[in-house]
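Visitor: the sequence and its predicted three-dimensional model are supplied below.
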Amino acid sequence: MTITFRKASLITFILLSAHGAIHAQEQTVESAQKFLEQVLPSVKVDTNSWTLTSGKFANIDRFGDITKVETIEGCLTKISLKYGQFKSHLTQWNNETRRPQNLEWGPTSFVEPLDFSKWSEVKSISKTRIKVFRIDRTTLDFHSPSESMIARLAFALDFLRQKCDTTSATGF
């Protein structure tokens, strides 16, 4: 009976070990990109786009929906975004009249490139938010109600930032 128990334990150990080996993935740029393709559509993003053009300030939810994620190459991904489901009002500064001007801002969609070689830092802002700093001084804010998902996303984004850093070949 002891021999049968040992054989069963050994077979169970082998099966569990093989199961773990099958699911263990090497962390590569390609696997990080695949992870982004799978999880980014469940995350919201703020590209700060309207604050970069004409000094517009929106009075709406600033986080847009990621509708599509497309890997272009190892260090470049494109995300398609959709902002605002309804028309909303925003205020834009008018340089000629030197007064704020009320405008209507409607639903909009656009594509945002994620060039990981041009990122300087990935920083956790809260348990549900990450801010990415780009070398051109623009930022991206990612938000998810899931704390574990945002932690995994922060790790993957920072991994890509480090792997795609062209200055890392200098050793510094």
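Guide: It's in.
Visitor: element containing the closest residue to Ser168 other than its chain neighbours, please.
Guide: In space, and not counting its chain neighbours, Ser168 is closest to Gln162: 6.9 Å by C-beta to C-beta, 6 or more residues apart in numbering. From N, CA and C alone the C-beta is placed, and that goes for glycine too. Counting by DSSP states H and E, the element that carries Gln162 is helix 147-164.
Visitor: helices or strands up against that helix?
Guide: helix 29-39, strand 119-126, strand 129-134, strand 139-143 (3 or more C-beta pairs under 8 Å, 6 or more residues apart in numbering; DSSP states H and E).
Visitor: what's the next secondary structure element after the longest one?
Guide: Spelled out, that is helix 29-39. strand 44-46.
Visitor: which other residues reach that following strand?
Guide: The contact list for strand 44-46 (C-beta atoms under 8 Å, 6 or more residues apart in numbering) reads 62-66, 79, 81, 112, 140-144.
Visitor: wait, which of the residues you listed is closest to Lys131?
Guide: Using C-beta to C-beta, Asp141 is the member of those that lies nearest Lys131, at 5.2 Å.
Visitor: got a list of what that closest one touches?
Guide: Contacts of Asp141 by C-beta under 8 Å, 6+ apart are Val45, Asp46, Asn48, Phe63, Ile125, Arg129, Ile130, Lys131, Val132.
Visitor: distance between the longest strand along the chain and the chain's centre?
Guide: Scanning the chain for the longest strand, with DSSP state E as the assignment, gives strand 64-73. Mean-position distance between strand 64-73 and its chain equals 9 Å (C-alpha atoms, centre = their mean, to the nearest Å).
Visitor: tell me the angle of the helix or strand just after it relative to helix 147-164?
Guide: Counting by DSSP H and E, the next helix or strand C-terminal to strand 64-73 is strand 76-83. Strand 76-83 runs at 140 degrees relative to helix 147-164, counting by axes from the mean of the first three to the mean of the last three C-alpha atoms, to 10 degrees.
Visitor: got the contact list for strand 76-83?
Guide: Contacts for strand 76-83 (C-beta under 8 Å, 6+ apart): 33, 36, 40, 45, 47, 64-72, 107-117.
Visitor: show me which residues of it are buried.
Guide: Within strand 76-83, the residues that count as buried by 16 or more other C-beta atoms under 10 Å are Leu76, Thr77, Ile79, Ser80, Leu81, Tyr83.
Visitor: what's across from the second one in the sheet?
Guide: Read it as Thr77. Thr77 has these beta-bridge partners by DSSP bridges: Thr71, Leu114.
Visitor: brilliant, that's me finished.
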